[in-house]
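# Kindly generate the corresponding structure for this input.
(2 chains)
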Number of protein chains: 2
Amino acid sequence: MSEQVFIPRLAIIGVGLIGGSLALALKERGVVGEVVGCGRGRPNLEKALEMGIVDRYSRDPVAAVKDADVVFLATPVKSFAAVTRQLLPGLKPGAVLTDGGSVKAAVVAEVEPLLPDQIQFVPGHPIAGTEKSGAEAAFPTLYQGKRCILTPTARTAEGALDLVRRMWQAVGSDVVTMSLEKHDRVLAAISHLPHMVAYSLVNAVGSYDHYEENILEYSAGGFRDFTRIASSDPTMWRDIAETNRDALLEMMAQFEIFFAELKADIEAGNGDRMFEFFLKSKQLRDAIL
Amino acid sequence: MSEQVFIPRLAIIGVGLIGGSLALALKERGVVGEVVGCGRGRPNLEKALEMGIVDRYSRDPVAAVKDADVVFLATPVKSFAAVTRQLLPGLKPGAVLTDGGSVKAAVVAEVEPLLPDQIQFVPGHPIAGTEKSGAEAAFPTLYQGKRCILTPTARTAEGALDLVRRMWQAVGSDVVTMSLEKHDRVLAAISHLPHMVAYSLVNAVGSYDHYEENILEYSAGGFRDFTRIASSDPTMWRDIAETNRDALLEMMAQFEIFFAELKADIEAGNGDRMFEFFLKSKQLRDAIL
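Predicted coordinates:
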């Protein structure tokens, strides 16, 4: 476990912020031999080549994954099954397929049945990112000190899991493993639910038409900071809401219960209960500062 | 309107972040003659004296407001009526009473009936602050470039309103006037509702007990940033929720409708409607960046 991992050939499918940053970090640490990029847009791949993210690239998935020891899927989650079907004929026996998708159960249910026994699959999710995208946004310290969740399945071999774990540790990540279902619930709670809340808040306030002007014009710094995540990419969030539907609905229902409880206390003028509610939240929040 | 305002004597009741910063800014611009502080805690008043926020102080409200041209109330909103009763006997005829409370209709309904005809009242609310409190937290640029809302009532004379408007303009604020009711609805929307949402979100996620560990442990930077306001002072927010009850309940109900609409679309798998919802929010949000 303590000896440094080495990956002779790595294929990155989707050379953007996530895939590109992984390649840059692995190269900087001497953990990879050759990095081969694959994607649809030639300008982005040329940029990746120029930045030294990849050593070469191919727009043909079969050619890109040829003789790769590890293949990292970093395209949008809804494309995983189609992309896997395309690259499958090029994989060598023993190759390890892993990914960086932010939803796991739905993705694994689609991808895993496509794979022959001699291909290992280690589903993963590095909890890192910025608002930017594309190879140009990639930088080698993106994963430094960040959490990476791996969600091995019943057919994931220990050796393949260990290889991917050490790959993420090599770029500075704190790696934890958990079940697919737990990953999806944890992410629904700490990421997907807050996005749904922020989108709803901005729409509710922005649609309030009691006055002629848009009252968002009065919003001060606090509102702007609080709603920053409501500027996130609508397509990506539609995909997440669709693919993590059940865990997200569970957390949204949980939120509704708490919000309704607070509303009932305000309606009833129950100051003591409001105070307890705010205090408990403050304590929970301060504990994760 | 363009000539600079001058206030020979200003009394600050409650010398904390809000009152102290106003005094510092007015002094820096040569807008006040003498500043007299009033409060309950001697160490805080000594600190204010040492920092040059006040020229002298008294813990007796009657003595503190003697011969003051303008009296600025900056104690917690729920104390306004009691504090006004205490200082009333010391006010000179023609004195202007103004405040910095974050809720207006309930405060004015309590304070205004206490005042004799020869005392002017100009309710106000500078939209500025930090997480800190006390005289030590005060600084002269707090109001620079910030919005200040004044809510004159039927009995507020134009001259008194103008004096207070120019006082806030002198410290760099962008002053707008609106009705008490509109102020309370606008603040409910852009400040009070977001706080209720943040408190509910942290409680909902922190109380999720499906797993042994607290899933807040997995929270990344985004969740921490989004929920920063859930660390705010529970006493202050109980007071706000109690005194701005009706406007806040209206906005909470508005939020619930939008959140439930999104939840129904996710439940029904209506990707097009989710996309529209996220896109509209992103557009509203990006317009206030």
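
# buried stuff in stretch A:35-44?
Neighbour counts over stretch A:35-44 (16 or more other C-beta atoms under 10 Å in any protein chain shown) mark A:35-39, A:44 as buried. C-beta here means a position set from N, CA and C on the backbone, and glycine is covered the same way.

# To clarify, my last question referred to stretch A:155-170.
Of all the residues in stretch A:155-170, those buried under the rule 16+ other C-beta under 10 Å are A:156, A:160-161, A:163-170.

# coming back round to it: narrow the buried residues of stretch A:35-44 to those in strands?
A:35-38 (DSSP state E).

# need those residues in CSV with distance to chain B, can you?
Formatted as CSV, those follow (distance: C-beta to the nearest C-beta, whole Å):
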residue, distance to chain B
A:Val35, 26
A:Val36, 30
A:Gly37, 27
A:Cys38, 27
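
# State the next helix or strand along the chain beyond the worst-scoring helix or strand of chain A on mean pLDDT.
Within chain A, no helix or strand scores below helix A:221-226, which has a mean of 78 by mean pLDDT, DSSP states H and E. For helix A:221-226, the succeeding helix or strand toward the C-terminus, using DSSP states H and E, is helix A:234-243.

# and that next one, does that touch chain B?
Yes - counting by C-beta under 8 Å from any C-beta of the partner chain, chain B is contacted by helix A:234-243 at A:234-235, A:237-238, A:241-242.

# now swap in stretch A:99-112 and tell me
No - Stretch A:99-112 stays clear of chain B (C-beta under 8 Å from any C-beta), getting no nearer than 11.4 Å.

# Now whichever helix or strand A:Ala82 is part of: buried residues?
Assessed by DSSP H and E, A:Ala82 sits inside helix A:80-87. By 16+ other C-beta under 10 Å, the buried positions in helix A:80-87 come out as A:80-81, A:83-84, A:86-87.

# what packs against that helix?
helix A:61-65, strand A:70-73, helix A:105-111 (3 or more C-beta pairs under 8 Å, 6 or more residues apart in numbering or on different chains; DSSP states H and E).

# Can you show me the strands along the stretch 51-200 of chain A?
Here the stretch 51-200 of chain A has its strands, by DSSP state E, counting those that start in this stretch, at A:56-58, A:70-73, A:96-99, A:120-122, A:124-126, A:147-150, A:174-177.

# Export those strands as a markdown table, with columns for distance to B:Glu110 and mean neighbour count.
As requested, these are exported to a markdown table (distance: least, C-beta to C-beta, whole Å; neighbours: other C-beta atoms under 10 Å in any protein chain shown):
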| stretch | distance to B:Glu110 | mean neighbour count |
| --- | --- | --- |
| strand A:56-58 | 71 | 18 |
| strand A:70-73 | 63 | 26 |
| strand A:96-99 | 60 | 26 |
| strand A:120-122 | 64 | 23 |
| strand A:124-126 | 54 | 23 |
| strand A:147-150 | 50 | 21 |
| strand A:174-177 | 53 | 15 |
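
# Save the ones you listed as CSV, and put in distance to B:Ile7 and mean pLDDT too.
Output for those, formatted as CSV (distance: least, C-beta to C-beta, whole Å; pLDDT from 0 to 100):
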stretch, distance to B:Ile7, mean pLDDT
strand A:56-58, 70, 98
strand A:70-73, 66, 98
strand A:96-99, 66, 98
strand A:120-122, 70, 98
strand A:124-126, 58, 96
strand A:147-150, 55, 96
strand A:174-177, 57, 96
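
# In TSV, list these along with distance to B:Glu50.
Shown next, in TSV, are the strands of the stretch 51-200 of chain A (distance: least, C-beta to C-beta, whole Å):
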stretch	distance to B:Glu50
strand A:56-58	66
strand A:70-73	60
strand A:96-99	60
strand A:120-122	62
strand A:124-126	51
strand A:147-150	46
strand A:174-177	46
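
# Tell me which of those sits nearest to B:Ser281.
Taking C-beta to C-beta, strand A:124-126 is the member of the strands of the stretch 51-200 of chain A nearest to B:Ser281, at 24.6 Å.

# Need the contact partners of that closest one.
A:18, A:22, A:98-102, A:104, A:143, A:146-151, A:164, A:168, A:173, A:183, A:187 (C-beta atoms under 8 Å, 6 or more residues apart in numbering or on different chains).

# For A:Val5, identify the helix or strand it belongs to.
Per DSSP H and E: A:Val5 is located in neither a helix nor a strand.

# with the residues of helix A:234-243 next to chain B in mind, which one is nearest to chain B?
Relative to chain B, the closest of the residues of helix A:234-243 next to chain B is A:Pro234; by C-beta to the nearest C-beta it sits at 3.6 Å.

# got a list of what A:Tyr143 touches?
Contact analysis of A:Tyr143 by C-beta under 8 Å, 6+ apart lists A:21-22, A:25, A:126, A:128, A:168, A:171-173.

# can you do 7 Å?
A:21, A:25, A:126, A:128, A:168, A:171-173 (C-beta atoms under 7 Å, 6 or more residues apart in numbering or on different chains).

# mind checking pLDDT for it?
According to the prediction, A:Tyr143 has pLDDT 96.

# same thing with A:Ala230?
For A:Ala230, the pLDDT comes out at 89.

# Kindly provide the distance from the spatially most central residue of chain A to B:Gly222.
Taking C-alpha atoms, centre = their mean, the centroid of chain A lies closest to A:Ser102, which sits 3.3 Å from it. Distance from A:Ser102 to B:Gly222, counting by C-beta to C-beta, to the nearest Å: 12 Å.

# cool, and A:Glu212?
Per C-beta to C-beta, A:Glu212 is found 35 Å from B:Gly222.

# Then A:Gly100?
Separation of A:Gly100 from B:Gly222 (C-beta to C-beta) stands at 16 Å.

# re the thing from before, turn the residues of helix A:234-243 next to chain B into a markdown table, including neighbour count.
Below are those laid out as a markdown table (neighbours: other C-beta atoms under 10 Å in any protein chain shown):
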| residue | neighbour count |
| --- | --- |
| A:Pro234 | 19 |
| A:Thr235 | 14 |
| A:Trp237 | 23 |
| A:Arg238 | 23 |
| A:Ala241 | 28 |
| A:Glu242 | 18 |
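
# Pipe the residues you listed into a markdown table and attach pLDDT and distance to A:Asn203 per row.
Below are the residues of helix A:234-243 next to chain B laid out as a markdown table (pLDDT from 0 to 100; distance: C-beta to C-beta, whole Å):
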| residue | pLDDT | distance to A:Asn203 |
| --- | --- | --- |
| A:Pro234 | 92 | 12 |
| A:Thr235 | 91 | 17 |
| A:Trp237 | 94 | 13 |
| A:Arg238 | 95 | 15 |
| A:Ala241 | 97 | 15 |
| A:Glu242 | 96 | 19 |
